[in-house]
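> attaching a predicted model along with its sequence, questions to come.
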Protein chains: 4
Amino acid sequence: MKTKISISKSITSLLLLILINTGVVYAQTSTDISHEDALKAVLAAKEKAEQLDVLVNIAVVDAGANLKAFIRMDDSFLGSIDVAIKKAKTSRYFDINTGDLGKLTQPGGIIYNIELSNDGLVTFPGGVPIKNENGKIIGAIGVSGGTIEQDHDIASVGANAIIE
Amino acid sequence: MKTKISISKSITSLLLLILINTGVVYAQTSTDISHEDALKAVLAAKEKAEQLDVLVNIAVVDAGANLKAFIRMDDSFLGSIDVAIKKAKTSRYFDINTGDLGKLTQPGGIIYNIELSNDGLVTFPGGVPIKNENGKIIGAIGVSGGTIEQDHDIASVGANAIIE
Amino acid sequence: MKTKISISKSITSLLLLILINTGVVYAQTSTDISHEDALKAVLAAKEKAEQLDVLVNIAVVDAGANLKAFIRMDDSFLGSIDVAIKKAKTSRYFDINTGDLGKLTQPGGIIYNIELSNDGLVTFPGGVPIKNENGKIIGAIGVSGGTIEQDHDIASVGANAIIE
Amino acid sequence: MKTKISISKSITSLLLLILINTGVVYAQTSTDISHEDALKAVLAAKEKAEQLDVLVNIAVVDAGANLKAFIRMDDSFLGSIDVAIKKAKTSRYFDINTGDLGKLTQPGGIIYNIELSNDGLVTFPGGVPIKNENGKIIGAIGVSGGTIEQDHDIASVGANAIIE
């Protein structure tokens, strides 16, 4: 959405304040992640990965679970390309941290082997929903390449980056 | 990995020999695109798309034709996600602009229906090999969402961005 | 990788420039298996299989996890064609012996059901990374047809053959 | 089929000679290519490619159209892995040179778009049936990476290598 505003300087600030507080015209009310935010999430996650000294693949999907942004760090696992994307998709498919889903998919679990649906889910940690300031899920991020704890932490940093 | 070397004249030649044999200083011989360059190519292509006022998906694959970086502009075609990725892969699979390949795949063409191989190729314009300063192909970029001329131009800008 | 070199001697810089520009000495930095080495690995593995009196399929993938060489021994399992290739790919996808990966993918394991990613992984023994003399992974070998212990041993012989 | 032979000793030797020359009763009448012959075909094709100074992928399938041997020359097209394998399979699926099949699959052709069957056929030149000394088809070879004329010539050299 593009907004073109041309008004006298004196009332602009006031108007702007009202608009922000009512949330009428602004990005933060979007229910789909923008590519700018997707990129911001990817880069924040990458920075976190560099701090942890771990090589990862990072994928962001939008509200429709379609790929929005992706980056693979040099020398990270080739197999993590697909795992990162599947983590992001899985997280958005069911609006859940992938690790939480995995607790239910084990033998005897209530959704045993759901991984076989949707052309393959990934249900261990590293996929995290992305929410806007209002708590609305607008996409998801998936990270693969480190330990499952690292992947989850990196994904969380990415998810949080767009509301900070 | 960062290496900082500061040494006296007398042992330089010897050191050089050691470096050659241990392979420490060869970064510039890399024949695979880095994620920094992949991101640079994606962002340069995106900037070009914005100048042309067209919404596209942009994918970069590495020397092994594996996804390295991706971004989808807001409101661009959902169907272009896969087309952009397949253009990038096709370009690297055969080290060619996808549009040039397409001239050979038409009915009566010498490689008619090659699109059915490799899990689906895309052989119209928008995929361009990425070369390093020495002309060595190190990856490829695929763009989808505009006209085929726009897609090709945007991809070319992305491919050239890393050697400018 | 970033390299910062600070050397006093004028002749050295010149030499270095020549080396960089001619690219003469950089062949050994190749990080991808050659077809000669891939064939050597396959034939060494086949010889080992004959010694063990077991019929196997043997696949070698390159650094990009793309098929480089393959042979199927007479009367070996037809189903082992795909298993051998997937073992090689899995090993390179995650730079690991496939059997070691399999320890983590069991029910309750930290990466349960990861086999469903990447169009199907194989996570029992028989896939082994191939390294060059410097320990850099340049590909992988996958063997299928014998017991998992035999498959692993045969793959290891193949992987080691190129550095002996 | 059972054959009961009861004849005087004097003509047995003569009969045996005839049988040998017609190839009726012997091991070399195998109707499936051995891995030794598959490898021989691959290496003969590779040698021909080197003479022509062209980089190709070479695949051999057996009588069951299952992959038997494969090699990818360094720096040959990544996309030719699948094309070479599909050429070999296509050739054996229909016991025909792939180029001959392609004449029938064009728009208006009698088997238009048959390429969509069998998970993807390749119907331009480069796939050639492999026959034993008796003219029985025992497999096929597929070559991809050069011009279609080169691919066909290289494949033919490989196919002929096992009966020379």
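That came through fine.
> helices and strands around the longest strand seen in chain A, which ones?
If you go by DSSP state E, chain A has its longest strand at strand A:137-144. Counting contacts by 3 or more C-beta pairs under 8 Å, 6 or more residues apart in numbering or on different chains; DSSP states H and E, strand A:137-144 packs against helix A:35-52, strand A:57-62, helix A:80-94, strand A:127-131, helix A:148-161. C-beta here means a position set from N, CA and C on the backbone, and glycine is covered the same way.
> adding mean pLDDT, distance to chain C and mean neighbour count, write the ones you listed out as JSON lines.
As requested, the helices and strands packed on strand A:137-144 are exported to JSON lines (pLDDT from 0 to 100; distance: least, C-beta to the nearest C-beta, whole Å; neighbours: other C-beta atoms under 10 Å in any protein chain shown):
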{"stretch": "helix A:35-52", "mean pLDDT": "98", "distance to chain C": "13", "mean neighbour count": "20"}
{"stretch": "strand A:57-62", "mean pLDDT": "98", "distance to chain C": "11", "mean neighbour count": "31"}
{"stretch": "helix A:80-94", "mean pLDDT": "98", "distance to chain C": "5", "mean neighbour count": "27"}
{"stretch": "strand A:127-131", "mean pLDDT": "98", "distance to chain C": "12", "mean neighbour count": "27"}
{"stretch": "helix A:148-161", "mean pLDDT": "98", "distance to chain C": "5", "mean neighbour count": "23"}
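> which one of these lies nearest to chain D?
helix A:80-94 (15.6 Å; C-beta to the nearest C-beta).
> helix or strand right after the closest one?
Going down the chain from helix A:80-94, the next helix or strand is helix A:98-102, by DSSP states H and E.
> for chain B, what's the nearest residue on chain A?
residue A:70 (3.9 Å).
> ok so that residue is a strand residue?
Yes - under DSSP: H, G, I helix; E, B strand; the rest coil, residue A:70 falls within a strand.
> what's the closest of the helices and strands packed on strand A:137-144 to residue B:78?
strand A:57-62 (9.2 Å; C-beta to C-beta).
> thinking again about what came up before, tell me what angle the longest strand of chain A forms with strand A:57-62.
Between strand A:137-144 and strand A:57-62, the angle comes out at 160 degrees (axes from the mean of the first three to the mean of the last three C-alpha atoms, to 10 degrees).
> so what strands line up beside strand A:137-144?
strand A:57-62 (antiparallel), strand A:127-131 (antiparallel) (DSSP bridges).
> if we can go back for a sec, let's have the helices and strands packed on strand A:137-144 in CSV, adding distance to residue D:61.
CSV is the format used below for the helices and strands packed on strand A:137-144 (distance: least, C-beta to C-beta, whole Å):
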stretch, distance to residue D:61
helix A:35-52, 43
strand A:57-62, 34
helix A:80-94, 28
strand A:127-131, 40
helix A:148-161, 40
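> so which of these comes closest to residue D:79?
Closest to residue D:79 of the helices and strands packed on strand A:137-144 is helix A:80-94 (C-beta to C-beta; 18.3 Å).
> now do the domain split for chain A, please.
Taking automatic domain parsing as the criterion, chain A consists of the domains A:1-30, A:31-161.
> re earlier: what number of residues lie near the residue of chain A closest to chain B?
28 (other C-beta atoms under 10 Å in any protein chain shown).
> wait, residue A:84 sits on residue A:57?
Yes - with contact defined as C-beta atoms under 8 Å, residue A:84 and residue A:57 form a contacting pair (3.8 Å).
> give me the common contacts of these two.
Shared contacts of residue A:84 and residue A:57 (C-beta atoms under 8 Å, 6 or more residues apart in numbering or on different chains): A:70, A:143-145.
> who wins on neighbours among those?
Neighbour-wise, these (other C-beta under 10 Å) top out at residue A:143, 36 neighbours.
> number of residues surrounding residue A:114?
Residue A:114: 19 neighbours (other C-beta under 10 Å).
> quick check: chain neighbours aside, which residue is closest to residue A:54?
With C-beta to C-beta, 6 or more residues apart in numbering or on different chains as the criterion, residue A:54 has its nearest non-adjacent residue at 3.8 Å, and that residue is residue A:146.
> spit out the contact partners of the one you found.
Neighbours of residue A:146 in contact, by C-beta under 8 Å, 6+ apart: A:49, A:52, A:54-56, A:154.
> and the furthest pair within those residues?
Counting by C-beta to C-beta, the most remote pair of the contacts of residue A:146 is A:55 and A:154, 10.8 Å apart.
> who touches both of these two?
A:49, A:146.
> ok, the residue of chain A found nearest chain C - how many residues close by?
Relative to chain C, the nearest point of chain A is residue A:79 (2.7 Å; C-beta to the nearest C-beta). Neighbourhood size, residue A:79 [other C-beta under 10 Å]: 26.
> residue A:33: neighbour count?
Residue A:33 has 28 neighbours, counted by other C-beta under 10 Å.
> quick check: it touching residue A:136?
No - using C-beta under 8 Å, residue A:33 makes no contact with residue A:136, being 10.5 Å away.
> picking that back up, relative to residue C:98, which of the helices and strands packed on strand A:137-144 is closest?
helix A:80-94 (15.7 Å).
> which other helices and strands does that closest one contact?
Partner elements for helix A:80-94 (3+ C-beta pairs under 8 Å, 6+ apart): strand A:57-62, strand A:67-72, helix A:98-102, strand A:127-131, strand A:137-144.
> how about a cut-off of 7 Å?
strand A:57-62, helix A:98-102, strand A:127-131, strand A:137-144 (3 or more C-beta pairs under 7 Å, 6 or more residues apart in numbering or on different chains; DSSP states H and E).
> circling back to that earlier point, okay, the domains of chain A in a markdown table with distance to residue B:42 next?
Formatted as a markdown table, those follow (distance: least, C-beta to C-beta, whole Å):
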| stretch | distance to residue B:42 |
| --- | --- |
| domain A:1-30 | 21 |
| domain A:31-161 | 9 |
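> which stretch among the ones you listed comes nearest residue B:65?
Closest to residue B:65 of the domains of chain A is domain A:31-161 (C-beta to C-beta; 10.7 Å).
> which one of the helices and strands packed on strand A:137-144 lies closest to residue B:107?
helix A:80-94 (34.6 Å).
> not counting its own residues, what contacts that closest one?
A:56-61, A:65, A:67, A:72, A:97-98, A:101, A:118, A:120-123, A:126-129, A:139-145, B:66-67, C:114, C:117-118 (C-beta atoms under 7 Å, 6 or more residues apart in numbering or on different chains).
> do stretch A:64-72 as well
A:33, A:35, A:38-39, A:42, A:46, A:57-62, A:81, A:85, A:89, A:92-93, A:139, B:35, B:39, B:67-72, B:78, B:81.
> got the contact list for the closest residue to residue A:56 other than its chain neighbours?
Nearest residue to residue A:56, sequence neighbours excluded (C-beta to C-beta, 6+ apart): residue A:145, at 3.4 Å. By C-beta under 7 Å, 6+ apart, residue A:145 lies in contact with A:54-57, A:76-77, A:80, A:151.
> if you set the cut-off to 10 Å instead, what comes out?
With contact set as C-beta atoms under 10 Å, 6 or more residues apart in numbering or on different chains, residue A:145 has these partners: A:49, A:54-58, A:72-73, A:75-77, A:79-81, A:83-84, A:126, A:151, A:154, C:94.
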